[in-house]
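J.: Here's my sequence, what's the structure:
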Amino acid sequence: MKYELLGTPPQSDAVAAVRHDFEALVRDLEASPSRRVSVVFGFAWGNHIYELDWVALELSGAELRARVAAAEASGLGRIGSDDLHITLPDVGVERTYCHEADVHVVAPAGTHPYLAAQRQEWIRSGWHVHARDVA
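T.: Okay, the predicted model is just below:
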């Protein structure tokens, strides 16, 4: 059984808050240029980015920033308005920047240190945090 945190920013500027969270993740990834993540552009920009199957892209932080910027500039989607799935294999977690202007983080267990740190960061930022077991 996996464990999920769902972070929902205050509604006054939810999309901007999700964008800020994404930018913080990318900066962290860029600080370690050899670090790779697995990325899938999901609903709905995946419909336009991929010709057939939605396939995972293995990217560095800089490559992730460039791919997202290019997709947004082309009008294919936006962080906070379309799903972006990012797997961080080195820490064993998955992050989804959701089309509903929230962020999902899934780890193997609720005691995972990444989840504890993420929960505290979101609470400090005024976000609502919900947690649940997922299959």
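J.: longest helix of the protein?
T.: helix 14-30 (DSSP state H).
J.: So what touches that helix?
T.: 7-10, 35, 37, 60-62, 64-65, 68, 78-81, 84, 86, 95, 97-98, 101-103, 125, 127 (Cβ atoms under 8 Å, 6 or more residues apart in numbering). In this view, the C-beta of every residue, glycine as well, is placed from N, C-alpha and C.
J.: ok, residues contacting the one helix or strand in the chain whose mean pLDDT sits lowest?
T.: Across the helices and strands of the chain, the lowest-confidence element by mean pLDDT, DSSP states H and E is helix 46-49, at a mean of 89. With contact meaning Cβ under 8 Å, 6+ apart, helix 46-49 is reached by 40-41, 54, 71, 76-77, 82-83.
J.: Please identify the buried residues of the helix or strand following that helix?
T.: Later in the chain than helix 46-49, the nearest helix or strand by DSSP states H and E is strand 57-59. Residues 57, 59 are the ones in strand 57-59 that count as buried (16 or more other Cβ atoms under 10 Å).
J.: same thing with stretch 63-80?
T.: Residues of stretch 63-80 classed as buried: 63-65, 67-68, 71, 76-80 (neighbour count, 16+ other Cβ under 10 Å).
J.: pLDDT on that stretch, on average?
T.: Taken as a whole, stretch 63-80 has a mean pLDDT of 97.
J.: Can you dump the C-alpha atoms of that stretch in PDB for me?
T.: Extracted C-alpha coordinates of stretch 63-80, given in PDB (Å, rounded to 0.1, in the frame of the first residue of the first chain):
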ATOM      1  CA  GLU A  63      15.600  19.600 -19.500                       C
ATOM      2  CA  LEU A  64      12.400  19.500 -17.500                       C
ATOM      3  CA  ARG A  65      12.300  23.300 -17.300                       C
ATOM      4  CA  ALA A  66      12.900  23.600 -21.000                       C
ATOM      5  CA  ARG A  67      10.300  21.000 -22.000                       C
ATOM      6  CA  VAL A  68       7.600  22.600 -19.800                       C
ATOM      7  CA  ALA A  69       8.500  26.100 -21.000                       C
ATOM      8  CA  ALA A  70       8.200  25.000 -24.600                       C
ATOM      9  CA  ALA A  71       4.900  23.200 -24.100                       C
ATOM     10  CA  GLU A  72       3.500  26.300 -22.300                       C
ATOM     11  CA  ALA A  73       4.800  28.700 -24.900                       C
ATOM     12  CA  SER A  74       3.100  26.600 -27.600                       C
ATOM     13  CA  GLY A  75      -0.200  26.700 -25.800                       C
ATOM     14  CA  LEU A  76      -0.300  22.900 -25.200                       C
ATOM     15  CA  GLY A  77      -0.800  23.200 -21.500                       C
ATOM     16  CA  ARG A  78       0.200  24.800 -18.200                       C
ATOM     17  CA  ILE A  79       1.400  23.900 -14.800                       C
ATOM     18  CA  GLY A  80      -1.600  24.000 -12.500                       C
END
